[in-house]
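[1] kindly return the folded structure for what I paste below:
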Amino acid sequence: MLTATTETAIRALIFLCSRSESFPSSPKEIAQAVGGSPSYMAKIAGTLTKAGIVNSRNGVAGGIILSRCPSSITLLEIVQACQGLVIADYCKALGDATSPDVCAFHKAMHDVHTATIRSLSRHTLKMLAAKPTPSGALAGNQQCRMAGLALSCESCNGKDGVKHRGKSKLVTLQK
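    Just a heads-up that it's a prediction; the model follows:
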């Protein structure tokens with residue numbers, strides 16, 4: 001359902017959540033942290049900037065930062081920025097899916113669309129960043145699409161179990 005671009009954008013935004021708001025991250029820095037190429041990350045950064053999800057800063061110390069609080073950025077907004085509007089136009093000529101006269105497929109696809117929009121709207125970037133990787137029995141599972149995003153302070157290497165933010169130098173644990 002999600003494109004590689006959308007998944008990479010989500011990984012990049014989770015990385016940005018781990019950073020201090022006042023310190024922009026360059027596409028190169030983000031690409032290294034999420035396992036992508038700097039040029040592809042620059043394209044994604046442009047898409048997210050255009051959508052108003054991040055702000056860009058030019059110059060030597062430039063890069064991108066979140067444009068607002070992660071709790072106000074929904075997964076739906078990220079998906080639509082990267083993939084376009086989530087639309088459902090099945091049997092469009094037949095009318096509204098609430099009509100008892102539409103085909104069963106039309107009704108089923110309307111239900112799928114409605115559930116998808118609801119779910120993507122309910123999940124925020126803050127929620128994704130709060131638990132970026134599996135834990136417990138699934139910790140370290142490399143099948144997770146977000147694997148490798150666990151960030152820790154370089155000085156303690158994550159041994160204290162705290163995800164340090166702000167001015168501490170962050171490193172990405174290997175996939």
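
[2] so where's the longest helix in this structure?
    Counting residues, the longest helix in the chain under DSSP state H turns out to be helix 104-122.

[3] who touches the next helix or strand after that one?
    Next along the chain after helix 104-122, taking DSSP states H and E as the criterion, comes helix 125-130. Here helix 125-130 makes contact (Cβ atoms under 8 Å, 6 or more residues apart in numbering) with 10, 13-14, 17-18, 66, 69-71, 73-75, 78, 146. To be clear about C-beta, it is placed using only N, CA and C from the backbone, and glycine gets the same treatment.

[4] and the pLDDT for residue 119?
    What the model reports as pLDDT for residue 119 is 95.

[5] that one: neighbour count?
    Neighbours of residue 119 under the rule other Cβ atoms under 10 Å: 11.

[6] got the contact list for it?
    Residue 119 neighbours (Cβ under 8 Å, 6+ apart): residue 75.

[7] and it, how far from residue 24?
    According to Cβ to Cβ, to the nearest Å, residue 119 stands 31 Å off from residue 24.

[8] circling back to that earlier point, pLDDT check: weakest of the contacts of helix 125-130?
    residue 146 (76).

[9] mind checking the SS state of that one?
    What DSSP: H, G, I helix; E, B strand; the rest coil gives for residue 146 is coil.

[10] show me what contacts it?
    Contacts here follow Cβ under 8 Å, 6+ apart; on that basis residue 146 touches 10, 11, 14, 128, 132, 133.

[11] assign the residue of the chain positioned farthest from its centre to helix, strand or coil.
    Distance from the centre of the chain peaks at residue 101, with 38.8 Å (Cα atoms, centre = their mean). Of the three states, residue 101 takes coil according to three-state DSSP.

[12] hmm, back to that, filter the contacts of helix 125-130 down to just the ones in helices.
    10, 13, 14, 17, 75, 78.

[13] residues contacting residue 64?
    Listed by Cβ under 8 Å, 6+ apart, the contact set of residue 64 reads 16, 24, 25, 27, 30, 45, 48, 49, 54, 55, 56, 57.

[14] show me which of the residues you listed is closest to residue 111.
    residue 48 (30.2 Å; Cβ to Cβ).

[15] next one: that closest one from residue 88, what distance?
    Residue 48 is 25 Å from residue 88, where distance means Cβ to Cβ.
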